[in-house]
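Q: What follows is a predicted structure for the sequence shown.
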Amino acid sequence: MKPFRSLRLRITLLCALLLTLCCAALAVTSNLSAIHLTDTIAAMAKAHRESRALRYGDFTDLLITNRQTVFQRAVEGERVIVAINAEDKPFHAHFNANCGRAVDLITGAPHDFGGGSELPPYSVAFWKCE
């Protein structure tokens, strides 16, 4: 049981680092205010706190490149896809989401997986599958 917790901790820390770097890069490149950056980080923390899948779910890679990653966390009854683009240009991600639509837990915006998913530069999305 101990190695599993260690792996979960490493994954959580890696995700937190990637998300923080993406937010910081977005703030620098977009000249966002510190308030907007703080609000974004708070929204991500709230989504993590309120999602069983993000806290306890298993981990499955859906897409990996040098500057983008898409993975899912799933527990019984809930599945969240996390998409990270750590590059200064948009990325069109094609992967099998196994669902047609989702809601972004950070922004509350609906998301349609049909035809792939457009990831803006230095962006993060937590899509809760319907």
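A: Looks like it came in fine. Source: prediction; values computed, not measured. Numbers count the residues shown, from 1 in each chain.
Q: So what's the residue count around residue 85?
A: Neighbours of residue 85 under the rule other Cβ atoms under 10 Å: 25. C-betas here are computed from N, CA, C, even on glycine.
Q: Also the one 10 residues further on?
A: Burial of residue 95, expressed as a neighbour count using other Cβ under 10 Å, amounts to 17.
Q: Over to it: give its phi and psi.
A: Residue 95 adopts backbone torsions of phi -160, psi 160, taken as degrees, to the nearest 10.
Q: quick one: it and residue 61 touch, right?
A: No: with contact defined as Cβ atoms under 8 Å, residue 95 and residue 61 do not form a contacting pair (9.5 Å).
Q: Mutual contacts of these two, please.
A: Listed as contacting both residue 95 and residue 61 by Cβ atoms under 8 Å, 6 or more residues apart in numbering are residue 70.
Q: How much space separates the closest residue to residue 57 other than its chain neighbours from residue 127?
A: Distances taken as Cβ to Cβ, 6 or more residues apart in numbering put residue 73 closest to residue 57, at 3.4 Å, once the chain neighbours are dropped. Going from residue 73 to residue 127 by Cβ to Cβ, to the nearest Å gives 11 Å.
Q: Same question for residue 65.
A: 18 Å.
Q: Looking at these two now, which is surrounded by more residues?
A: Neighbours were counted for residue 65 and for residue 127 using other Cβ under 10 Å; residue 127 has more, 25 against 12.
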